[in-house]
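**Q** Mind folding the following:
(chains A and B)
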Amino acid sequence: MSATTPRTHRFANGLRRALTSRLAAALTYPHGVDRYLEQFAPTASLTEVRAEVVAIRHQTDDSVTLSLRPNGNWQGFRAGQYVRLTVEIDGVRRTRCYSPANSVHATDGLIELTAKTHAGGFVSKFLKQRLTVGTTVGLSQAEGRFALPDARPARVLLISGGSGITPVMAMLRTLTDEGFAGPISFLHYSNAAKDQIYAAELAGIAAMFPNLQLLRGYAEPNQGGELEGLFCRAHLNAVPDFADAEAFLCGPPGMMKAVQKLWADEGIGERLHLEHFSAAPAVLADSANAEGDVRFIRSERLAQNSGATLLDQAEAAGLKPESGCRMGICHACTCRKASGRVRDIRTGEISDAGEADIQICISVPVGTVTLDL
Amino acid sequence: MTAIQNNTFSSLTPAQFAAIGADLDAIRNRVRTDLGQRDADYIHNIVKRQRQFEVAGRVMMMIPPTWPLGVAALSVSKILDNMEIGHNVMHGQYDWMGEPALNSKHFEWDSADTSKNWKITHNYEHHTFTNVLNKDHDIGYGLLRMSEDQKWEPRFLANIPLTVLLHTFFQHFVAVQNLKLEEVLVYKTKSTAQLKEEFKPVWAKLKKQLKKDYVYFPALAGPLAPLVLVGNAAANLARNVWACAVIFNGHFPEDVEQFPESVVENETRGQWYVRQLLGSANFSGGRLMHIMSGNLSFQIEHHLFPDLPAHRYAEIAPEVRAICEKHGLPYKTGSFLRQSISTWKRIAKLSLPSGRSGKVSQRAANEEALAPLAMAA
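**A** Okay, here's the model as predicted:
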């Protein structure tokens, strides 16, 4: 620590107090202080979390890893939580959810996000192919209840598949940074060794921490993993005390379902903590017999119900509703349903017909629905 | 020269209206699908310039030798804020960007009028019922006599001084006009209590605007407070006069048409387009003129496509003009000076009692026979 730090700190605090004062608000009315600050420094803001992209690396052919330096509004995160990342693509702001994969104790102050590009992954493709170092991006504060408990469990089991590794990677790195002494088992599944993100980091940590049991499974044969094929009961033979562990799970829907079922069958469902990182497949079977209309009252548009989610249908009708994760977790797309029934595509649950706030990204209309959009 | 005597509108067949509508829709759809980075960069750049002009203007105003520059910079800033940014953003021209600060739902402008009231009277009423007597409450109607179909009253002798007054206090007239005082004073369709309720948000905003320009910034200048106060008043005046002049030129040159209320009944999209065309006029100028008028120099294109980013109007204007020629529709344009003179001539002429001159269309004659236009306030 240099001698100038407290002085710099005092100056920064004083500046912040001045800029958040009522006088500053009155002088910058009606736009507000932030709308002026951002013209001088793109990441500067009194309230919003923004970050500068400081490094981009490509762990695999189908992934991209970003290092972000957040501004002072970032309040940190709990290992396992996610953030909503906003980037401008062709003039349009797009928001998606990603889980930081770094340790919460990382001393460089950076947030590390890794995205896998997949077919139709508009934002992830942009991050992989077009994002450049130095770009300013928007962030939310960390959100989500999927996180390491503050009272660390005695026995930890981490299970992930594909890019679902990111939140559990944050958990693993956080625990090892803390010198966590209890046993950790990590089951990770991917298609092939060449597609596995964080492969080198995992191997490195495993070599340094004898309390980490690393079990890798690959869908393709002869990849040199400790496990064969997709998740199954037999894979837990290597973890005989799995029922005693707090288990943290994040992966593709099929895998999550298999793990959830096993934990439920064993009667230890309450020890399983999970995060969906991709929406359950939309109920397309219904599109053939979708009935009724979707009415967007504020924009005065009417569309025939296509059986897709209300968010998709709104966008297809040319509207730009706010949205984020598109999988029902971030609530950015929440909007008022004036009337009509909707089905939650995750649960199959059908709502009542009255007025309610609904998440349009996971709601499919059942008959005519009127939205305040 | 005025009103409903022109036959253009009534001489078109339904098929012609449909063809015009299809031609214009094609332009609109093409531009909408083409919106992207270029448009985002444009508006971001304008916002950046506006903020720079504002900060520079307010600072220079506090230094006596640069005071005139400061006034000029703040005037430019306020004009950009209200016109190329505020007016256009509130039309939803940039909603597709998904940027909260440039979203029509959230944007508030540096003007006395609240964005909420503005969006109702301007985006909805004025743009839907453009130049329809009694329905379009755009500035001018009510206070002034702007059409021969408005019955002359002695108070209209003050047409010209009132127009000058309107230019001077434009932002406050707009704010008050949106309260529709005539509904309380003349038609008695609104109670005083209701007016009081509606005035609350307007007053809340007005207060903040007045305090900012006439209390806080002068106070910051210490002993130079009077200088800043006068400078801010001058900048507000410059913005008022300019904005008012641009708007008057857009709808009041002598050859711009007005319509009876009956036209909006069962109006088709094609008919709506034609009414927008006939009810608006452009003025020519360079790039700077277009930016400073919020591209309302392309009032015709703006009225056809109010939610397309305004900087696109210059690009599509030749196509719109070609469509007008193809269908035999007038495309009214002239220099800023020519349109201004024409507007003031109209205001002057209508301050004196005058009946309808020239021949009246069958349609308008019927209109008069069936439901006389009651232009009261």
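
**Q** Quick check: closest non-adjacent residue to A:Met255.
**A** A:Gly161 (4.5 Å; Cβ to Cβ, 6 or more residues apart in numbering or on different chains). Quick note: C-beta positions are derived from backbone N, CA and C, even for glycine.

**Q** what's the burial count for the one you found?
**A** 25 (other Cβ atoms under 10 Å in any protein chain shown).

**Q** wait, it sits on A:His188?
**A** Yes - counting by Cβ atoms under 8 Å, A:His188 is a contact partner of A:Gly161 at 7.2 Å.

**Q** Assign the residue of chain B found nearest chain A to helix, strand or coil.
**A** Of the residues in chain B, the one nearest chain A is B:Ala40, at a distance of 3.1 Å by Cβ to the nearest Cβ. Taken by DSSP: H, G, I helix; E, B strand; the rest coil, the conformation at B:Ala40 corresponds to helix.

**Q** Report the contact partners of it.
**A** By Cβ atoms under 8 Å, 6 or more residues apart in numbering or on different chains, the contact list for B:Ala40 reads A:Glu88, A:Asp90, A:Gly91, A:Val92, B:Tyr94, B:Met97, B:Glu99.

**Q** for those residues, which one is nearest A:Met169?
**A** A:Glu88 (27.5 Å; Cβ to Cβ).

**Q** Give the bridge partners for that closest one, please.
**A** On the basis of DSSP bridges, A:Glu88 is bridged to A:Arg93.

**Q** Which stretches in chain A count as helices?
**A** Ranges of helices in chain A, per DSSP state H, are A:4-19, A:22-27, A:34-40, A:122-129, A:165-177, A:199-208, A:253-265, A:310-316.

**Q** what does the second one contact?
**A** Right, helix A:22-27. Counting contacts by Cβ under 8 Å, 6+ apart, the residues outside helix A:22-27 that touch it are A:Ala18, A:Gly32, A:Val33, B:Lys208, B:Lys211, B:Lys212, B:Tyr216, B:Phe217, B:Leu220.

**Q** need the residues of chain A near chain B, please.
**A** A:23, A:26-27, A:29-31, A:35-36, A:39, A:88, A:90-94, A:318, A:320, A:322 (Cβ under 8 Å from any Cβ of the partner chain).

**Q** List buried members of those by neighbour count.
**A** Listed as buried from these are A:27, A:29-31, A:36, A:39, A:88, A:91-94, A:320, A:322; burial here means 16 or more other Cβ atoms under 10 Å in any protein chain shown.

**Q** and of the residues you listed, the nearest to B:Leu144?
**A** Nearest to B:Leu144 among these, with distances taken as Cβ to Cβ, is A:Pro30, at 29.3 Å.

**Q** next one: phi and psi at that closest one?
**A** Main-chain torsions, A:Pro30, degrees, to the nearest 10: phi -100, psi 0.

**Q** near chain A, which residues of chain B show up?
**A** So chain B meets chain A at B:32, B:35-41, B:47-48, B:51-52, B:55, B:95-99, B:101, B:108-110, B:205, B:208-209, B:211-212, B:216-217, B:220 (Cβ under 8 Å from any Cβ).

**Q** Kindly supply the ChimeraX command isolating those of those that are buried.
**A** Selecting only the buried entries of the residues of chain B next to chain A in ChimeraX, with 16+ other Cβ under 10 Å as the criterion:
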select /B:35,39,40,47,51,52,55,95,96,97,98,99,108,109,110,205,208,209,212,217
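
**Q** so of the residues of chain B next to chain A, which ones are in strands?
**A** Among these, DSSP state E puts none in strands.

**Q** So which of the residues of chain B next to chain A belong to helices?
**A** Using DSSP H, the residues of chain B next to chain A in helices are B:32, B:37-41, B:47-48, B:51-52, B:55, B:205, B:208-209, B:211, B:217, B:220.

**Q** Same list, the contacts of helix A:22-27, but as JSON lines with distance to B:Tyr313 and pLDDT please.
**A** Output for those, formatted as JSON lines (distance: Cβ to Cβ, whole Å; pLDDT from 0 to 100):
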{"residue": "A:Ala18", "distance to B:Tyr313": "42", "pLDDT": "93"}
{"residue": "A:Gly32", "distance to B:Tyr313": "29", "pLDDT": "96"}
{"residue": "A:Val33", "distance to B:Tyr313": "33", "pLDDT": "96"}
{"residue": "B:Lys208", "distance to B:Tyr313": "32", "pLDDT": "97"}
{"residue": "B:Lys211", "distance to B:Tyr313": "36", "pLDDT": "97"}
{"residue": "B:Lys212", "distance to B:Tyr313": "32", "pLDDT": "98"}
{"residue": "B:Tyr216", "distance to B:Tyr313": "37", "pLDDT": "98"}
{"residue": "B:Phe217", "distance to B:Tyr313": "34", "pLDDT": "98"}
{"residue": "B:Leu220", "distance to B:Tyr313": "39", "pLDDT": "96"}
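
**Q** Now flag whichever of those is closest to B:Ala72.
**A** B:Phe217 (16.3 Å).

**Q** Show the contacting residues for that closest one.
**A** By Cβ under 8 Å, 6+ apart, the residues touching B:Phe217 are A:Leu27, B:Arg58, B:Met61, B:Val228, B:Asn232.

**Q** The residue nearest to A:Met255 pairs with what?
**A** Here A:Gly161, judged by DSSP bridges, has bridge partners A:Tyr189.

**Q** Quick one: residues contacting it.
**A** Contacts of A:Gly161 by Cβ under 8 Å, 6+ apart are A:His188, A:Tyr189, A:Ser190, A:Phe231, A:Cys250, A:Gly251, A:Pro252, A:Met255, A:Met256.

**Q** Distance of it relative to chain B?
**A** Distance of A:Gly161 to chain B, computed by Cβ to the nearest Cβ, to the nearest Å: 31 Å.

**Q** Quick check: nearest residue in space to the residue of the stretch 251-373 of chain A found nearest chain B, chain neighbours excluded?
**A** In the stretch 251-373 of chain A, the residue found nearest to chain B is A:Lys320; the distance is 5.4 Å by Cβ to the nearest Cβ. In space, and not counting its chain neighbours, A:Lys320 is closest to B:Trp96: 5.4 Å by Cβ to Cβ, 6+ apart.

**Q** didn't the one you found look like it was pressed against B:Leu35?
**A** Yes - at 5.8 Å, B:Trp96 and B:Leu35 qualify as touching, with contact defined as Cβ under 8 Å.

**Q** Overlap in contacts, the two.
**A** A:Gly91.

**Q** which residue packs closest to the closest residue to chain B within chain A, ignoring adjacent ones?
**A** Closest residue of chain A to chain B, Cβ to the nearest Cβ: A:Gly91 (3.1 Å). Distances taken as Cβ to Cβ, 6+ apart place B:Ala40 nearest to A:Gly91, at 3.1 Å, with adjacent residues excluded.

**Q** Next, the contact list for the residue nearest to A:Met208 when sequence neighbours are not counted, please.
**A** Leaving aside its chain neighbours, A:Met208 sits nearest to A:Thr176 (7.5 Å; criterion: Cβ to Cβ, 6+ apart). A:Thr176 sits next to A:Ser103, A:Ile205, A:Met208, A:Phe209, A:Leu212 when contact means Cβ under 8 Å, 6+ apart.

**Q** Report the secondary structure state of the most far-flung residue of chain B relative to its centre.
**A** Going by Cα atoms, centre = their mean, the residue of chain B most distant from its centre is B:Pro223, 38.8 Å out. With three-state DSSP as the basis, B:Pro223 sits in helix.

**Q** So what's the predicted local confidence for it?
**A** pLDDT recorded at B:Pro223 is 96.

**Q** For chain A, give me the ranges with low pLDDT.
**A** Applying pLDDT under 70 to chain A flags residues A:1-5, A:277-289, A:325, A:329-331.

**Q** Likewise for the stretch 101-250 of chain B?
**A** Residues of the stretch 101-250 of chain B that meet the cut-off, pLDDT under 70, sit at B:137-142.
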